[in-house]
Structure formats: C-alpha cells, structure tokens
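Undergrad: Quick one: sequence plus predicted model below, questions after.
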Amino acid sequence: GDSVTQMEGPVTLSEEAFLTINCTYTATGYPSLFWYVQYPGEGLQLLLKATKADDKGSNKGFEATYRKETTSFHLEKGSVQVSDSAVYFCALRGSQGNLIFGKGTKLSVKP
Amino acid sequence: GAGVSQTPSNKVTEKGKYVELRCDPISGHTALYWYRQSLGQGPEFLIYFQGTGAADDSGLPNDRFFAVRPEGSVSTLKIQRTERGDSAVYLCASSPQDAGETQYFGPGTRLLVL
C-alpha cells in the first residue's frame, strides 16, 4: 500500500542554518504531496503542497519539489529561525482523499 | 473565520468504558476525516465522510469504533469498551470537497484510557 518515509529526528540546528528534511514515498500513480507542521501546543497546519511532478511548493521560506524520478519531496529552508521549531510531517493523498503521513521529524532551532 | 473545533480537548476514562468525541468542521465543508495519532507517530486515517455518509471507513481498527455525521456537519466518533491501547490524540479534519482540497485540522482530543 501507499506509504511515506521521512528522516527520523530530532534535528537540532542553530539559527540561520540550512535545513533539509528528507521524505520519500511509495504510491500507485502520482498522488498530491504535502508538508504539514505542528507547532508546540497547536494543531496540524498545512505548510506547503505540490499536486504534480516537478511542482514546487513554497511557504514561509520553506520549499519542496515533487520528484517522481526519485519519489521524493524533501523539505528545505535556507535559514531557519527559532520560531521554526516544530514537528514536520510529510504526507501523500491516498486514493480516497485521506492523507497518509510519515512519522514526523522534530526540529529544534537554537539561538 | 472559525476553524475546526473538537471537544473535549482531553478525556480520561477507565478501561471498558464508552466515549464520544465530537468534531465541528468548518462551515460549508462537505468532507470530514478522522485520524488517530499515537505518541511519536504520524496521524493514521480512520474514517472519511462525504456529506452524511461514510465514504471510506477502512481505517477503523475494529468494530468497537464507530462514527456518525447525521446532518452532514458535526461528527461524533464513538468508542465502545475502551482499551488502554486506544489512548491517543484523535484528530478531525475537514475540507470543502473531497479529493484535491486542503484538509484543515482541529486541535485534537487527547484520550487517555486508564
């Protein structure tokens, strides 16, 4: 069945460092791909999405490109801030519209 | 506008008891999803409603779990004879339609079964 694998955390970075969180997927066809973020004490929020191959989703300085050749959707940010500390979830949309999530990657950014 | 709301925010119950968890979706959203998130894991799909009907309940773990959405708006997830393994955060999400639309998540209900 469809699945998502993302790099395990926690990831600890200093402010202004470059961030990459790897995400790969297994699916039939080309599903829409998402990154959701969960800030401490808050609910899941959509960070960005891409609906077809080679699309790039971007928001708040974060980017991810839908790569069908490598079945990947890695999340990147050029310069992280303390306020980016959160848990990040990669997800794909299943055939019935439900989301299939990875296990999440906790990011801590130190000043 | 108002987002997805879930009540209660926390629920503590004893093994074997019955619980109901409520979800109020964003007004006008026809699609509603329930997920369960165990500690250290990503959310896992339980059931999906399109309007009043359950379009996909393949994620419900067993027949102790049941959900309804009688008027196509508020949904209730019902768990009978709770077990300690049911302890998790139960998340609800809604979207304007089904496929192709962003899902908006509520804050979740944290269920603890003692």
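TA: Sure thing, it's come through. Being a predicted model, the structure only gives us computed values, none of them experimental.
Undergrad: For residue B:92, grab phi and psi.
TA: phi -120, psi 140 (degrees, to the nearest 10).
Undergrad: List the contacts of the residue of chain A at minimum distance from chain B.
TA: When distances are taken as CB to the nearest CB, chain A reaches nearest to chain B at residue A:101, 3.2 Å away. C-beta here means a position set from N, CA and C on the backbone, and glycine is covered the same way. Contacts here follow CB atoms under 8 Å, 6 or more residues apart in numbering or on different chains; on that basis residue A:101 touches A:4, A:36, A:89-91, B:42-44.
Undergrad: hmm, which of those residues are the buried ones?
TA: Neighbour-count burial (16 or more other CB atoms under 10 Å in any protein chain shown) is assigned, among the contacts of residue A:101, to A:4, A:36, A:89-91, B:42-44.
Undergrad: quick one: which of the contacts of residue A:101 sit in strands?
TA: When DSSP state E is applied, the contacts of residue A:101 are split such that A:4, A:36, A:89-91, B:44 fall in strands.
Undergrad: Count the neighbours of residue B:6 for me.
TA: Other residues near residue B:6 come to 23 when the count uses other CB atoms under 10 Å in any protein chain shown.
Undergrad: That one touches residue B:22, doesn't it?
TA: Yes: using CB atoms under 8 Å, residue B:6 is in contact with residue B:22, at 6.6 Å.
Undergrad: low-confidence ranges in chain B?
TA: B:1, B:98-100 (pLDDT under 70).
Undergrad: got the residues of it near chain A?
TA: Contact residues (CB under 8 Å from any CB of the partner chain) of chain B with chain A: B:4, B:31, B:33, B:35, B:40-45, B:48, B:55-56, B:58-59, B:91, B:93, B:95, B:98-100, B:102-108.
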